[in-house]
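1. Attaching a predicted model along with its sequence, questions to come.
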Amino acid sequence: MLNIETIKKTFSKGVILDFVKGIIIAIALSLGLTVLFAFILKWVNISDAFIPAITLLIKGISILVGALVAVKGDAKGLIKGASFGEIYIIFAFLIFSVLSGGFEFSTSFVLDLIFSGLLGGIVGIVKVNRASNT
């Protein structure tokens, strides 16, 4: 069961700094890949049906890379990874909403929260287990 002391131990100052680094890297990667994708769309005729899948892929790559930076240690990989994914998607939503000029909460945001939490949790588990086995 989670209590305040467990949360404090899990998210110490070092963990928060690692999260900030991971979020910055993940957001920068998302922005870069989104700009690259926009340039590709300008020259290549891609069906609109593929755009949501490609944006999901960009988010997935960003979460993967960011979580690999953010999750350290040999315990609580699921909690750290899932938390990273959730924090990343909230920041990405805020930044991309500001850039697009409007905030729109929809079911896709809820699905993004679920996807990012699951992917971050999986990456966290794998990273922590690899670290403890070496």
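-> Arrived safely, thanks for sending.
2. Can you give me the neighbour number for G77?
-> The number of residues packed near G77 is 25, by other CB atoms under 10 Å. For glycine as for every other residue, the C-beta is placed from the backbone atoms N, C-alpha and C.
3. From Y88, how far out is it?
-> Taking CB to CB, to the nearest Å as the measure, G77 falls 16 Å from Y88.
4. Contacts for stretch 107-115, please.
-> 52, 56, 59-60, 85-86, 89-90, 93 (CB atoms under 8 Å, 6 or more residues apart in numbering).
5. any idea of the mean pLDDT for it?
-> Average pLDDT, stretch 107-115: 90.
6. Work out the gap between it and the centre of the chain.
-> For stretch 107-115, the separation from the chain centroid amounts to 12 Å (computed by CA atoms, centre = their mean, to the nearest Å).
7. repeat for stretch 95-110
-> Worked out by CA atoms, centre = their mean, stretch 95-110 lies 16 Å from the chain centre.
8. Identify each buried residue in it, please.
-> By 16 or more other CB atoms under 10 Å, stretch 95-110 has no buried positions at all.
9. Could you export it as CSV, CA atoms only?
-> Output in CSV follows, covering the C-alpha atoms of stretch 95-110 (Å, rounded to 0.1, in the frame of the first residue of the first chain):
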residue,chain,number,x,y,z
ILE,A,95,2.8,22.8,-24.9
PHE,A,96,1.1,21.6,-28.1
SER,A,97,-2.2,23.2,-27.1
VAL,A,98,-0.4,26.6,-26.6
LEU,A,99,1.3,26.2,-29.9
SER,A,100,-1.9,25.3,-31.7
GLY,A,101,-3.8,28.1,-30.1
GLY,A,102,-6.4,26.2,-28.1
PHE,A,103,-7.0,23.7,-25.4
GLU,A,104,-9.3,20.8,-26.3
PHE,A,105,-10.0,18.0,-23.9
SER,A,106,-11.3,14.9,-25.7
THR,A,107,-11.3,11.2,-25.5
SER,A,108,-8.0,11.2,-27.3
PHE,A,109,-6.4,12.9,-24.4
VAL,A,110,-7.7,10.3,-22.0
